[in-house]
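Visitor: A structural model of the following input is requested.
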Amino acid sequence: MQKRWKERKKDIELLFRQHYRPLCLFALHLINDVASAEDIVMDCYLKLWTKWKEEEIKNPKSYLYIAVRNACYDHNQAINNNTNVSIENEAKAIEHLLSDDLLLAEEQACIEAKVWTALDSLPPKCREIFLMSKRDGMSYLEIAEELQLSVKTVEAQITKAYKRLRKYAQRFYHFLLSFF
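Guide: Numbers count the residues shown, from 1 in each chain. Okay, the predicted model is just below:
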């Protein structure tokens, strides 16, 4: 019993490391609220942990995605009930949650998680400069002025970021090709 408990603990830790971010992004696509999405995902992990203590779960990843989807549906329904949203809007929300878009949302969440993982692998200053340029739309000159750097330093950091991200993407691409 103790051995099984330790194995499950390792399994849940691995599941958390591999799927927390994609699950949060998946939930975010369904409810459009970061804090609620994170809360829902954590609650689903706790439910998985509790249920896993009692019985075998053959596919915990699927369990988590279904649990998150259902929890998001419940969350949206509770919000709709509190705000008296029209039946038409509620029907649209239900249709969205039950459609094939869920598979696309899951795939998109996984891809977004990989992108953020790649960005997280950049050195802190390089990441900051890259995000200021690409996410915030700032020019090299604006970044240089805000961070009190030269424009050449900003250019060098963005070039460095692209090189590292390209290597990360190539590794991921080669990994995917190994399956075909």
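Visitor: any idea which helix or strand comes after the lengthiest helix in the chain?
Guide: Counting by DSSP state H, the longest helix found in the chain is helix 2-31. Toward the C-terminus, helix 2-31 is succeeded by helix 34-54 as the next helix or strand (DSSP states H and E).
Visitor: A113 - how many residues pack around it?
Guide: 19 (other Cβ atoms under 10 Å). C-beta: built from backbone N, CA, C; applies to glycine.
Visitor: Now D33, what are its backbone angles?
Guide: According to degrees, to the nearest 10, the main-chain angles of D33 amount to phi -150, psi 110.
Visitor: I'd like to know how far it sits from A161.
Guide: 30 Å (Cβ to Cβ, to the nearest Å).
Visitor: now the chain, which segments are flagged as low pLDDT?
Guide: The chain contains residues with pLDDT under 70 at 1-5, 82-106, 172-180.
Visitor: run the last query once more with 50
Guide: Applying pLDDT under 50 to the chain flags residues 179-180.
Visitor: check contacts around V154.
Guide: Contacts for V154 (Cβ atoms under 8 Å, 6 or more residues apart in numbering) come out as I129, S133, Y140, I143, A144, L147.
Visitor: Please identify which helix or strand holds the nearest residue in space to Y140 that is not next to it in sequence.
Guide: Among residues not flanking Y140 along the chain, V154 sits closest, at 4.6 Å (Cβ to Cβ, 6 or more residues apart in numbering). According to DSSP H and E, V154 maps onto helix 151-177.
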